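[1] Coordinates for the following, if possible.
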Amino acid sequence: MRSNRERDKARGASPQATPQATAWPDLAGVHAFLIEDNEDTRTLVSETLQHCGALVSVYPSADAALADLAELLPTVFISDLSMPGLDGLQFLRRMRRLPPERGGNVPAIAITAYYEDFAAAAALEAGFDAYMIKPIRLDELARLVKDVATHAR
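    The predicted model follows:
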């Protein structure tokens, strides 16, 4: 098995990454609703986003997240697509029918283990702004959260 440095060298990449490419984004002012039924994924993603300065509300189901929307309106949704009960696709379709002041236009990122072609088509059709295939790279997710939150404002 090759190390990352060996792989980068084989690809012709510099072993020294640019600081901008490896920097964690500043997510201060971002409030993310994380909807994920897997406890380990919830913990990893929420701790990563909090490390970057985001406020993260964590939900084990889409139904639980919907219940909080009467009280809170996030900057971004991050949702697994495959969950028991109301899945991520159904959740976002429901959200997109709401008026903007109730969360209808909040940007959304899908995270999924579905194969890429299906995930892309299904997520975009449901109204997600972006998607990531599991296993997710936490640094890439943090940058994606920054990107969709910045473009929504």
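[2] okay, and for the protein, where does confidence drop off?
    1-22, 153 (pLDDT under 70).
[3] got the buried residues for the strand or helix carrying Val45?
    Assigned by DSSP states H and E, Val45 belongs to helix 39-51. Judged by neighbour count (16 or more other Cβ atoms under 10 Å), helix 39-51 contains these buried residues: Thr41, Arg42, Leu44, Val45, Ser46, Thr48, Leu49. To be clear about C-beta, it is placed using only N, CA and C from the backbone, and glycine gets the same treatment.
[4] Determine which two of those are furthest apart.
    Greatest spatial distance among the buried residues of helix 39-51 (Cβ to Cβ): Thr41 and Leu49, at 12.2 Å.
[5] show me where this structure has helices.
    4-11, 19-22, 39-51, 62-68, 88-96, 116-126, 138-152 (DSSP state H).
[6] Centroid-nearest residue for the protein?
    Ile78 (3.8 Å; Cα atoms, centre = their mean).
[7] residues contacting it?
    Ile78 makes contact with Ala32, Phe33, Leu34, Ile35, Glu36, Val45, Ala108, Ile109, Ile111, Leu141, Val145 under the criterion Cβ atoms under 8 Å, 6 or more residues apart in numbering.
[8] Verify the stated contact: the first one with Pro74.
    Pointing back at Ala32 there. Yes - in this structure, Ala32 is within contact of Pro74 by Cβ atoms under 8 Å, at 6.0 Å.
[9] hey, what's in contact with both of the two?
    Residues touching both Ala32 and Pro74 (Cβ under 8 Å, 6+ apart) are Ser57.
[10] quick one, what contacts Arg96?
    Gly104, Ala126, Gly127.
[11] Closest one of those residues to Pro60?
    Closest to Pro60, out of all of these and judged by Cβ to Cβ, is Ala126, at 20.1 Å.
[12] Please report the distance of that closest one from Phe91.
    9 Å (Cβ to Cβ, to the nearest Å).
[13] who's more crowded, these two?
    More crowded of Ala126 and Phe91, by other Cβ atoms under 10 Å: Phe91, with 26 against 22.
[14] Can you report how many residues lie near the closest residue to the more buried one other than its chain neighbours?
    Once flanking residues are discounted, Phe91 sits nearest to Ala62: 3.7 Å by Cβ to Cβ, 6 or more residues apart in numbering. Counted with other Cβ under 10 Å, residues neighbouring Ala62 total 26.
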